[in-house]
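**Q** one predicted model, sequence on top.
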Amino acid sequence: MVEEIFKSYGISPIPSDYTEAMAYVPYQSNNPKFYSVAHGFEAGTMFPTLHKPFFGSKCTGGKNDD
C-alpha cells in the first residue's frame, strides 16, 4: 500500500525533513482488518495494527508501581 502511494503521488509516509519527538502516522490500508466490537472496546481500538498494549514490568522484569 505504501509503495503504491509513493509511486502514484510521489510522497513518503514519513517526511524527509522530520522533527524529532513528533508523532507521524503511516498510511492505513484500504481494507483493514477489524476486531469484533467487544474485543475492540477492550483493546481501545478496532484495528489490530493499532493495538499496542503496554505491559510495564513485563518489559523490564521489575514490578509495577502500586
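**A** Cool, got the structure.
**Q** shaky segments in this structure?
**A** Counting by pLDDT under 70, the ranges of the chain that qualify are 1-2, 5, 13, 57-66.
**Q** the most centrally placed residue in it and Tyr9: what is the separation?
**A** Geometric centre of the chain, nearest residue: Leu50, 3.8 Å, by CA atoms, centre = their mean. Leu50 sits 23 Å away from Tyr9, going by CB to CB, to the nearest Å. (Each C-beta comes from the backbone N, C-alpha and C, glycine too.)
**Q** and for Val25?
**A** The value you get for Val25 to Tyr9, if CB to CB is used, is 17 Å.
**Q** please apply the same query to Asn31.
**A** Asn31 is 19 Å from Tyr9, by CB to CB.
**Q** got it, and Pro15?
**A** 14 Å.
**Q** ditto for Pro32
**A** From Pro32 to Tyr9 the distance is 20 Å (CB to CB).
**Q** likewise Ser36?
**A** In terms of CB to CB, Ser36 sits 34 Å off from Tyr9.
**Q** run through the helices of the protein in chain order.
**A** Secondary structure of the chain, counting by DSSP state H: helices at 2-9, 37-43, 57-60.
**Q** contacts for the second one?
**A** If I follow you right, that is helix 37-43. With CB atoms under 8 Å, 6 or more residues apart in numbering as the test, helix 37-43 has contacts from 34-35, 46, 51, 53.
**Q** would you mind listing the buried residues in stretch 33-49?
**A** 35, 46 (16 or more other CB atoms under 10 Å).
**Q** just the closest of the contacts of helix 37-43 to Glu4, please.
**A** Phe34 (21.5 Å; CB to CB).
**Q** quick one: Val37 from Asn31, how far?
**A** 19 Å.
**Q** hmm, I was thinking of Phe47
**A** With CB to CB as the criterion, Phe47 and Asn31 are 12 Å apart.
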